[in-house]
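> Got a sequence here, can you build the structure:
(one chain, ligands or ions: 1)
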Amino acid sequence: MTANLIDGKKIAAETRKNLQIEVNQLVEAGVKPGLAVILVGDNQASRTYVTNKQKSCKAIGIESILIELPDYVTENELLNQIEELNNRDDIHGILVQLPLPKHISETKVIETISSEKDVDGFHPVNIGKMMTGQDTFFPCTPFGILEMLKYEGISISGKHAVIVGRSNIVGKPMGQLLLNENATVTYCHSKTKDLASYTREADILVAAIGKAKMITSEYVKEGATVIDVGMNRDENGKLCGDVDFADVSDQAGFITPVPGGVGPMTITMLLYNTVKSAKNKINHRNLK
Ligand SMILES: Nc1nc2c(c(=O)[nH]1)N[C@@H](CN(C=O)c1ccc(C(=O)N[C@@H](CCC(=O)O)C(=O)O)cc1)CN2
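Next up, the predicted model:
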């Protein structure tokens, strides 16, 4: 059997078209959605992601500003910069590209961003709302994965979802979003013993491990949906995921590629959250 490909690029393009219509409507109502992106230091991968985020904003009419800070910026200087953006009326979304240099606390940075402008969905208020099933900004990567599953008509309710990886930005919120959709969720991580005994039970397997091609067909149940969040380089320096795509394609029912799977949806959901924040602003204005 050869798995059905979940084409993230295609789903992202369709979603962005719909978002562009919403942006046009917002502009007509006098609100141009604005996103501020803060990049600290000179990590090449982070720079590429930030450039892609800005290009994607521009393509659908979202105003985006980039604030570049040197890697020796102090934590206080960064927090002051965020406070300034919190107070700007033309900025509806703020994100600080991660990871940050070691002398800066990610927790403090995330907590300083106004929860109403936290389009990354990392603020504890937004995480709490997600955990209690409320509408809010959801973290972009797991939110994008959820949208891909829905787009493909893959049912989630009653299914066993196994998440490999427990990061705050992907693994943990992924499990919560799938639980909210009535999946039975198992979390696995670096200390899990006999990983394959869990992953082979998964109807939906999400690999967010950070190890090139680690998930081979022995880890996958026949017909399972396999979502690859990995972003690694293989032995030839070629971009690859956490899943051995060629091997697992013969075993899975649905599979995402790397590149062209989860990545484009991550950026799309950032655009979605920014538009949502601008819409919230209009709704608040109309309530006054
Ligand atoms: N503040 C944040 N920091 C980080 C996040 C995040 O959601 N918010 N996630 C990741 C990086 N990331 C977005 O920031 C991201 C990673 C990868 C892609 C992507 O489109 N990948 C492409 C391939 C890109 C390439 O060729 O190198 C793909 O999969 O097709 C988008 C966003 C960590 N930091």
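> could you give the mean pLDDT of the helix or strand hosting Gln25?
Of the helices and strands defined by DSSP states H and E, Gln25 is found in helix 8-28. In this model, helix 8-28 has a mean pLDDT of 98.
> I'd like the next helix or strand past it.
strand 34-40.
> can you list the residues of the stretch 51-200 of the chain near the ligand?
95-98, 120, 140-141, 169 (CB under 6 Å from any ligand atom). For glycine as for every other residue, the C-beta is placed from the backbone atoms N, C-alpha and C.
> So which of these belong to strands?
95-96 (DSSP state E).
> Tell me how many other residues surround the closest residue to Ser114 other than its chain neighbours.
Leaving aside its sequence neighbours, Ser114 sits nearest to Asn86 (CB to CB, 6 or more residues apart in numbering; 4.4 Å). Applying other CB atoms under 10 Å, we find 15 residues neighbouring Asn86.
> OK, contacts around Asn86?
Applying CB atoms under 8 Å, 6 or more residues apart in numbering, we find Asn86 in contact with 94, 112-114, 117.
> Distance of it relative to Thr15?
28 Å (CB to CB, to the nearest Å).
> The residue lying closest to Glu181 once chain neighbours are set aside: what's it in contact with?
For Glu181, ignoring the flanking residues on the chain, the nearest one in space by CB to CB, 6+ apart is Ile156 at 4.2 Å. By CB under 8 Å, 6+ apart, the contact list for Ile156 reads 149, 178, 181-183, 204.
> From these, keep the buried residues only.
Buried members of those, counted by 16 or more other CB atoms under 10 Å: 149, 178, 181, 183, 204.
> Filter those residues down to the ones in strands?
Using DSSP E, the buried ones among the contacts of Ile156 in strands are Ile204.
> one step back: list just the nearest of the contacts of Ile156 to the ligand.
Nearest to the ligand among the contacts of Ile156: Leu149, at 16.9 Å, using CB to the nearest ligand atom.
> surely that closest one meets Leu205?
No - contact criterion CB atoms under 8 Å: Leu149 and Leu205 do not qualify, at 11.9 Å.
> Pull up the overlap in contacts between the two.
Common neighbours of Leu149 and Leu205 (CB under 8 Å, 6+ apart) are 225, 227.
> Near whichever residue of the stretch 151-288 of the chain sits closest to the ligand, how many other residues are there?
Closest residue of the stretch 151-288 of the chain to the ligand, CB to the nearest ligand atom: Gly263 (2.2 Å). Neighbourhood size, Gly263 [other CB under 10 Å]: 24.
> So it sits against Gly230, correct?
No - assessed by CB under 8 Å, Gly263 is found out of contact with Gly230, at 10.2 Å.
> could I get stretch 127-145 in PDB with only the CA atoms?
Only the C-alpha atoms of stretch 127-145 are listed here, as PDB (Å, rounded to 0.1, in the frame of the first residue of the first chain):
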ATOM      1  CA  ILE A 127      -2.600  27.800  26.900                       C
ATOM      2  CA  GLY A 128      -5.000  27.700  29.900                       C
ATOM      3  CA  LYS A 129      -7.900  28.600  27.600                       C
ATOM      4  CA  MET A 130      -6.900  25.900  25.200                       C
ATOM      5  CA  MET A 131      -6.800  23.300  28.000                       C
ATOM      6  CA  THR A 132     -10.200  24.300  29.200                       C
ATOM      7  CA  GLY A 133     -11.700  24.000  25.700                       C
ATOM      8  CA  GLN A 134     -12.100  27.800  25.100                       C
ATOM      9  CA  ASP A 135     -11.600  29.600  21.800                       C
ATOM     10  CA  THR A 136      -8.200  31.400  21.800                       C
ATOM     11  CA  PHE A 137      -5.000  31.600  19.800                       C
ATOM     12  CA  PHE A 138      -3.700  28.000  19.400                       C
ATOM     13  CA  PRO A 139       0.000  27.300  18.900                       C
ATOM     14  CA  CYS A 140       0.600  27.400  15.200                       C
ATOM     15  CA  THR A 141       2.300  24.100  14.500                       C
ATOM     16  CA  PRO A 142      -0.300  21.800  16.300                       C
ATOM     17  CA  PHE A 143      -3.100  24.100  15.100                       C
ATOM     18  CA  GLY A 144      -1.900  23.600  11.500                       C
ATOM     19  CA  ILE A 145      -1.700  19.900  11.900                       C
END
